[in-house]
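Peer 1: Have a look at this fold, sequence not included:
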């Protein structure tokens with residue numbers, strides 16, 4: 001089971017991932033964004049709706065284009081793991097996508 005961070009821990013756990021990404025990845029490039037969300041299907045929201053919502057968050061980030069995705073259930077369906085293939089223009093755009101995802105309460109982890 002995931003041990004969710006408190007709001008205080010989330011504020012302290014801020015690093016500029018765009019610097020490392022800029023060094024390691026040849027932008028613009030294709031890359032994977034990993035997202036783990038609570039499966040809201042157990043609360044009445046369809047699994048496809050959760051996935052569409054997460055993809056919408058990513059597509060609204062300037063400089064990020066979704067190319068495809070794959071959804072897997074984790075922990076007996078309690079969580080969904082969404083692997084999103086994206087074409088990203090810059091390291092800053094990649095970081096903006098992660099920041100936008102982190103702002104959604106359903107998102108438990110990004111990588």
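Peer 2: Arrived safely, thanks for sending. Source: prediction; values computed, not measured.

Peer 1: Could you use CA atoms for every contact and neighbour count after this?
Peer 2: Will do.

Peer 1: Run through this protein and note the low-pLDDT ranges.
Peer 2: Judged by pLDDT under 70, the chain has its weakly predicted residues at 1-24, 41-47.

Peer 1: In it, what residue spans correspond to strands?
Peer 2: Using DSSP state E, the strands found in the chain span residues 29-38, 64-74, 79-88, 107-110.

Peer 1: would JSON lines of the ones you listed with distance to residue 53 and mean neighbour count be doable?
Peer 2: What follows is the strands of the chain, written out as JSON lines (distance: least, Cα to Cα, whole Å; neighbours: other Cα atoms under 10 Å):
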{"stretch": "strand 29-38", "distance to residue 53": "11", "mean neighbour count": "18"}
{"stretch": "strand 64-74", "distance to residue 53": "13", "mean neighbour count": "15"}
{"stretch": "strand 79-88", "distance to residue 53": "12", "mean neighbour count": "20"}
{"stretch": "strand 107-110", "distance to residue 53": "11", "mean neighbour count": "17"}
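
Peer 1: The ones you listed into a markdown table, with extra columns for distance to residue 97?
Peer 2: Rendered in a markdown table, the data for the strands of the chain read as follows (distance: least, Cα to Cα, whole Å):
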| stretch | distance to residue 97 |
| --- | --- |
| strand 29-38 | 9 |
| strand 64-74 | 8 |
| strand 79-88 | 10 |
| strand 107-110 | 10 |
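
Peer 1: wait, which of the ones you listed is closest to residue 101?
Peer 2: When the strands of the chain are ranked by distance to residue 101, counting by Cα to Cα, first place goes to strand 107-110 at 6.6 Å.

Peer 1: Measure how buried residue 90 is and give me the count.
Peer 2: 20 (other Cα atoms under 10 Å).

Peer 1: likewise residue 101?
Peer 2: Residue 101 sits with 21 neighbouring residues when counted by other Cα under 10 Å.

Peer 1: same question, residue 93
Peer 2: Applying other Cα under 10 Å, we find 17 residues neighbouring residue 93.

Peer 1: Correct me if wrong: residue 72 contacts residue 78.
Peer 2: No: between residue 72 and residue 78 there is no contact, the gap being 10.9 Å when judged by Cα atoms under 8 Å.

Peer 1: Let me see the contact set for the residue nearest the centre of the chain.
Peer 2: Centre of the chain computed as the mean C-alpha position; nearest residue by Cα atoms, centre = their mean is residue 35, 3.8 Å away. Listed by Cα atoms under 8 Å, 6 or more residues apart in numbering, the contact set of residue 35 reads 81, 82, 83, 84, 107, 108, 109, 110, 111.
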